[in-house]
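Visitor: My questions are about this predicted structure, shown below with the sequence.
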Amino acid sequence: MGMRKKVRSFKRVSVSCHLMLAFGFILSANISLAEISIDSYCQITIESMQQEVGNMQELIAIINQYKDDPQTLAQLVQTKQAEFDQARDELYFSFNTDANEYVSFMSRNSKQVKAYLAANPDMKQQIDNLSAQLNELSEQEQALMGGDEPPPPAQ
């Protein structure tokens with residue numbers, strides 16, 4: 001798989017994941033560490049989306065700097081992805097949960113989360129703003145990587 005395709009795939013999955021989590025369309029295995037509260041779930045959502053905005057901004061800067069050096073770009077993206085994954089895991093751990101529990105929480109508590117966000121419009125607005133920001137960054141990254149054009153063959 002070419003570097004452009006890997007970076008583009010990561011971005012699409014990442015943005016899609018956050019958008020679906022924010023609106024409750026993801027289901028996963030129910031692995032429970034400790035039941036988190038609805039407020040904690042929403043805080044994790046906001047903080048993870050903020051992390052993702054920073055991650056995407058950092059990757060876009062790397063792409064701009066190394067777009068003519070695909071080998072270095074691939075190595076840097078791989079290194080950064082590992083750092084981003086660790087930071088995300090640390091965020092979940094700080095709330096005494098993990099990625100699986102976070103994802104499955106919405107499937108079990110969709111109505112309560114929606115009601116909570118309706119009662120907390122500032123929090124919902126933060127999530128909506130971060131979603132819009134992530135969409136814009138994803139479009140920017142896709143434009144840098146050549147949109148949906150196939151990447152050149154790996155060398």
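Guide: Yes, it's here.
Visitor: which helices and strands sit right next to the helix or strand harbouring Arg88?
Guide: Under the criterion of DSSP states H and E, Arg88 resides in helix 70-94. Secondary structure elements in contact with helix 70-94, counted by 3 or more C-beta pairs under 8 Å, 6 or more residues apart in numbering; DSSP states H and E, are helix 3-23, helix 38-66, helix 99-119. Quick note: C-beta positions are derived from backbone N, CA and C, even for glycine.
Visitor: Minimum distance to Ser131: which of those has it?
Guide: helix 3-23 (5.6 Å; C-beta to C-beta).
Visitor: mind checking how far Gly103 is from Thr45?
Guide: Quick fix: residue 103 reads Val, not Gly. Using C-beta to C-beta, to the nearest Å, one gets 11 Å for the distance from Val103 to Thr45.
Visitor: and the two? which has more neighbours close in?
Guide: Thr45 (23 against 18; other C-beta atoms under 10 Å).
Visitor: Excluding covalently adjacent residues, which one is nearest to Ala118?
Guide: Lys124 (7.2 Å; C-beta to C-beta, 6 or more residues apart in numbering).
Visitor: what's the strand or helix carrying the one you found packed up against?
Guide: For Lys124, the host element (DSSP H and E) is helix 121-144. With contacts taken as 3+ C-beta pairs under 8 Å, 6+ apart, helix 121-144 sits against helix 3-23, helix 38-66, helix 99-119.
Visitor: Next, format those as JSON lines and append distance to Ala132 and mean pLDDT.
Guide: Below are the helices and strands packed on helix 121-144 laid out as JSON lines (distance: least, C-beta to C-beta, whole Å; pLDDT from 0 to 100):
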{"stretch": "helix 3-23", "distance to Ala132": "10", "mean pLDDT": "48"}
{"stretch": "helix 38-66", "distance to Ala132": "10", "mean pLDDT": "96"}
{"stretch": "helix 99-119", "distance to Ala132": "16", "mean pLDDT": "94"}
